[in-house]
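In: need a 3D model of the sequence below.
(one chain, ligands or ions: 1)
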Amino acid sequence: MSLVDLRSDTVTRPSAGMRQAMATADVGDDVYAEDPTITALEEQVAALFGHPAALFVPSGTMGNQIAMRLICPPADEVICDADAHVVSYEGGGAAQHGGLQTRTLVADRGLLTVDALEPQLRPEGYHTVPTRAVAVEQTHNRGGGAVYPLALLKDIRALTSSYGLRLHCDGARIWNAHVASGVPLGEYGALFDTLSVCLSKGLGAPVGSVVVMSDASMVEPARAIRRRLGGGMRQAGILAAAGIYALANNVDRLAEDHARARRLATSLAGVRPGLVDPGLVETNIVPLDLSVTDLDAATLAAHCRASGVLVSGVGPRRVRLVTHLDVDDAAIDRALDVLRPVLAAS
Ligand SMILES: *Cc1c(COP(=O)(O)O)cnc(C)c1O
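Out: The predicted structure follows:
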């Protein structure tokens with residue numbers, strides 16, 4: 001029997017239809033900006049977010065790294081939450097490649113607030129580190145797929161604008177936020193100077209992210225940084241074709257992933273109080289707090305693996321389950337058949 005892989009929504013494999021779109025894509029050399037499929041994807045994604053420009057990049061990490069460098073010069077500061085992907089999972093790239101200082105605030109479910117941010121913003125001055133930008137993550141990965149409410153994002157935008165700061169969105173899963181909240185992508189887009197959005201998570205493409213930019217003059221510097229990071233690709237239109245296919249076919253269906261995540265959460269919440277709050281499962285990530293059991297994350301993951309179910313430990317006693325387009329209802333049933341007894345007995 002095949003594995004039920006709930007480690008991440010990055011594990012999806014391109015479907016037959018997606019592979020067909022890739023096989024027949026028109027291509028050219030994108031370092032010369034001559035790949036028509038990449039250009040089409042960039043134009044489409046820029047338009048979805050209501051911005052004038054976008055750049056295709058190999059990964060969300062590179063997308064975030066490019067965007068942060070566009071909005072913050074070396075030695076100045078970007079503020080983000082302490083669990084943000086940009087400071088948790090990017091190998092220190094902001095510091096190493098951008099020379100940026102990141103300052104982190106502990107935030108409930110990763111969601112920054114105006115009250116937390118405002119006292120931390122530092123002014124210009126030779127003996128301080130001037131704050132230049134704030135980065136938010138929509139949805140929040142380590143925050144259990146939490147969705148920033150639109151009103152909160154608007155407040156953060158108003159704050160950052162009033163201090164002359166830029167605002168970046170790590171929108172790796174902004175598609176999930178859009179489907180869960182019903183907020184149009186353009187309404188999210190309008191709030192940010194830069195966004196990085198992933199095609200290779202819930203949308204199911206094998207490779208690729210897009211940096212969206214609010215000012216067309218950012219494109220040339222962005223291309224230069226991408227090149228310097230080794231991200232200039234040639235006939236990568238075969239990858240962009242997967243992204244175009246994903247935008248057409250795999251956005252609305254994220255609602256199914258969210259429903260399956262809720263089903264997992266509701267069922268597991270009944271096994272043991274405090275393990276997971278189904279009311280906080282807004283999208284496709286189900287965080288399990290194993291501190292209410294006598295299991296640790298590695299033990300649970302090993303037990304599940306032996307029964308054909310893969311889960312991720314994201315802390316010593318924290319596990320997450322992630323739904324995606326290669327997980328159907330039968331797979332959820334199988335996962336519950338493995339998880340419920342071990343959690344009940346723990
Ligand atoms: C996955 C992810 C990224 C990008 O990761 P890559 O592995 O570089 O594609 C960025 N931000 C968040 C929040 C993510 O979950």
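In: ramachandran coordinates for residue 128?
Out: Main-chain dihedrals, residue 128, degrees, to the nearest 10: phi -110, psi 180.
In: alongside the ligand, which residues does this structure contribute?
Out: Within the chain, the positions near the ligand by C-beta under 6 Å from any ligand atom are 59-61, 64, 85, 137, 141, 170, 172, 198, 200-201, 209. In this view, the C-beta of every residue, glycine as well, is placed from N, C-alpha and C.
In: what about those residues, which are in helices?
Out: 60-61, 64, 85 (DSSP state H).
In: pLDDT below threshold where in the chain?
Out: For the chain, the stretches flagged by pLDDT under 70 are 1.
In: that one: strands as residue ranges?
Out: 4-5, 53-57, 77-81, 101-105, 131-137, 166-171, 194-198, 209-213, 285-289, 309-310, 312-315, 318-322 (DSSP state E).
In: please name whichever of those is nearest to residue 154.
Out: Closest to residue 154 of the strands of the chain, according to C-beta to C-beta: strand 166-171, at 10.9 Å.
In: the closest one: how far from the chain's middle?
Out: Its chain's C-alpha centre and that of strand 166-171 lie 11 Å apart, by C-alpha atoms, centre = their mean, to the nearest Å.
In: direction included, what does it pair against?
Out: strand 131-137 (parallel), strand 194-198 (parallel) (DSSP bridges).
In: most tightly packed of those?
Out: strand 194-198 (a mean of 28; mean count of other C-beta atoms under 10 Å).
In: how about that strand as CSV, C-alpha atoms only?
Out: Presented in CSV, the C-alpha positions along strand 194-198 are these (Å, rounded to 0.1, in the frame of the first residue of the first chain):
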residue,chain,number,x,y,z
THR,A,194,6.8,42.7,-2.3
LEU,A,195,5.4,39.2,-2.1
SER,A,196,6.9,35.8,-2.6
VAL,A,197,4.3,33.1,-3.6
CYS,A,198,5.0,29.4,-4.1
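In: hmm, who's touching it?
Out: If you take C-beta atoms under 8 Å, 6 or more residues apart in numbering as the criterion, strand 194-198 is touched by 45, 49, 51, 57, 60, 63-64, 66-67, 70-71, 166, 168-175, 188-189, 208-214, 218.
In: rewinding a little: wait, which of the strands paired with strand 166-171 is closest to residue 293?
Out: Taking the strands paired with strand 166-171 one by one with C-beta to C-beta, strand 131-137 is closest: 28.0 Å.
In: can you list contacts of the closest one?
Out: 64, 68, 71-73, 76-81, 84-86, 103, 110-112, 117, 120-123, 143, 148, 153, 156, 160, 163, 165-172, 193.
In: one more time with 6 Å, if that's ok
Out: With contact meaning C-beta atoms under 6 Å, 6 or more residues apart in numbering, strand 131-137 is reached by 71-72, 76-80, 84-86, 121-122, 160, 165-170.
In: ditto for stretch 262-279
Out: The contact list for stretch 262-279, computed with C-beta under 6 Å, 6+ apart, reads 281, 286, 288, 292, 321, 332, 336, 340, 343-344.
In: one more time with 8 Å
Out: Contacts of stretch 262-279 (C-beta under 8 Å, 6+ apart): 281, 286-293, 321, 323, 332, 335-336, 339-340, 343-344, 346.
In: mind putting the residues of the chain next to the ligand into CSV with distance to residue 38?
Out: Formatted as CSV, these follow (distance: C-beta to C-beta, whole Å):
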residue, distance to residue 38
59, 15
60, 17
61, 19
64, 19
85, 24
137, 26
141, 26
170, 22
172, 20
198, 16
200, 15
201, 19
209, 13
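In: ok, and the most crowded of these?
Out: Tallying neighbours with other C-beta atoms under 10 Å puts residue 64 at the head of these, with 31 neighbours.
In: roughly how far apart are the closest residue to residue 284 other than its chain neighbours and the ligand?
Out: Of all residues not flanking residue 284 in the chain, residue 257 sits nearest, at 4.1 Å (C-beta to C-beta, 6 or more residues apart in numbering). Plainly put, residue 257 is 14 Å away from the ligand if you go by C-beta to the nearest ligand atom, to the nearest Å.
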